[in-house]
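[1] How does the following fold in three dimensions:
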Amino acid sequence: MKLHYLLLSLGILFSVIALVAVGSRVEFGGNPDKSLFLLMLLILPLVPLALPVIAGWFFRRSKPALLVCLAGLISAFAFMAYAFVNSFHINPDPQGGLILIFGPIYTLVGLIPFGIAALVLFLRRASQTQ
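    Coordinates of the predicted model:
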């Protein structure tokens, strides 16, 4: 199996797991404004999982860059899984729901070094082929 297909399939798997985990905690009401906000809370945790997959798809010609994108995807999923399990099951409190907003933001900040490393490796590979 090609590495970028593995990255894509893991990204889809992790996104479905995150969607099911977060969706089980969100209850949609009859108010359309509230439902739109809750739908945003379902989509927001998927952004940090989608970025390494999209970057890996663009960097698929460089195997080291793909491996960095794969490591970024796994670390983003591991951090988000830990944060969600900790705030919802291990130490539940009234402010635990804020992890749905701030968890993806912290994960995006944590993905910056992975993105820079993947870009450097991809550019190095591109300059070597010319």
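
[2] chain center to the strand or helix carrying Ile101: distance?
    Ile101 is part of helix 99-129 when elements are defined by DSSP states H and E. Distance of helix 99-129 from its chain centroid, counting by C-alpha atoms, centre = their mean, to the nearest Å, is 11 Å.

[3] From the contact counts, what lies against that helix?
    Here helix 99-129 touches helix 47-58, helix 63-85, going by 3 or more C-beta pairs under 8 Å, 6 or more residues apart in numbering; DSSP states H and E. From N, CA and C alone the C-beta is placed, and that goes for glycine too.

[4] list the buried ones in it?
    By 16 or more other C-beta atoms under 10 Å, the buried positions in helix 99-129 come out as 99-100, 103-104, 107, 111, 114-115, 117-119, 121-122.

[5] Looking at those, which is nearest Cys69?
    Ala118 (5.3 Å; C-beta to C-beta).

[6] So the closest one versus Val109, what's the distance?
    Plainly put, Ala118 is 16 Å away from Val109 if you go by C-beta to C-beta, to the nearest Å.

[7] Ser15 now?
    20 Å.

[8] same thing with Leu51?
    Leu51 is 12 Å from Val109, by C-beta to C-beta.

[9] so where's the chain uncertain?
    Applying pLDDT under 70 to the chain flags the ranges 1, 23-39, 130.
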